[in-house]
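Asks: no letters, just coordinates:
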C-alpha cells in the first residue's frame, strides 16, 4: 500500500516532504503535484523505479523521461545549452514547460533517448514539487501521471491512491493541480520547436 501524505499546497510541511524524499531514496516511486498536473517520480539512480514508471504508463524507449530540477544551475548540468537557449529557458523557468535538449554525460545513458541522446528537463513552479527536489538534492526522474486508456491525468491525490495504491510507494496529495500537461519545446535542432501545447504559453517559443 502507498503511504499517503496530505501536504499543504502552498506551505509544504518539512516533515512530510522528508518522508516523501525518504521513499525516493529507498528507490521508491511516488505521485506528486506539479504546476501542470500530477506526475510520477523516482530517483535518477533507481533502475527499478524507472522500469516501474515505464510499465505503469506502457512507455517504450522512445519516450523522453523528464528530469525535474530545483533550479537553473541544476538544469544546466544535465543538458547542453547555447546562448539563445540559455536566455530563453532561463526567462521561462520556473514554469509549466518541458525542454528537450542534448544530454550531458551527467545523464545516465539509459535515461536519455536511445538514438538522439536527448532528455527532457524542467523546473516546476509548484511549492511542493520544488520542496521535494530541493530536499532530495538531485533531479527527480519524472513522467506525467497519464495512465494508459485515459484522456486526462488523474487530478486528485485520493483518486490516485484509490487507483494506484498497490503500484506506488507514496502519494503526495496537495489537492487538485489541474489536468493540463506541460508545453514541450524541442531544442535538439538548435532552434525551439513546440511539439506539444500545454499549460505554458507557446508563443514565446514560436
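Replies: Alright, I've got the coordinates. Keep in mind the model is a prediction, meaning the values are calculated, not measured.
Asks: what segments of the protein are strands?
Replies: Secondary structure of the chain (DSSP state E): strands at 3-6, 30-32, 39-43, 66-68, 97-102, 118-122, 140-144, 170-173, 183-186, 193-196.
Asks: now do the contacts for the closest residue in space to residue 18 that isn't next to it in sequence.
Replies: Leaving aside its sequence neighbours, residue 18 sits nearest to residue 135 (C-beta to C-beta, 6 or more residues apart in numbering; 6.3 Å). Any C-beta I mention is one placed from the backbone N, CA and C, and that applies to glycine too. The neighbours of residue 135, taking C-beta atoms under 8 Å, 6 or more residues apart in numbering as the test, are 14, 17, 18, 21.
Asks: from those residues, which is closest to residue 38?
Replies: residue 17 (16.2 Å; C-beta to C-beta).
Asks: quick check: the closest one vs residue 189, distance?
Replies: In this view, residue 17 and residue 189 are 38 Å apart by C-beta to C-beta, to the nearest Å.
Asks: between these two, which one's more packed in?
Replies: More crowded of residue 17 and residue 189, by other C-beta atoms under 10 Å: residue 17, with 22 against 7.
Asks: the more buried one: what's it in contact with?
Replies: Counting by C-beta under 8 Å, 6+ apart, residue 17 touches 7, 128, 131, 132, 135.
Asks: okay, and which of the residues you listed map to helices?
Replies: 128, 131, 132, 135 (DSSP state H).
Asks: farthest-separated two in the residues you listed?
Replies: In terms of C-beta to C-beta, those reach their longest pairwise distance at 128 and 135, which sit 10.8 Å apart.
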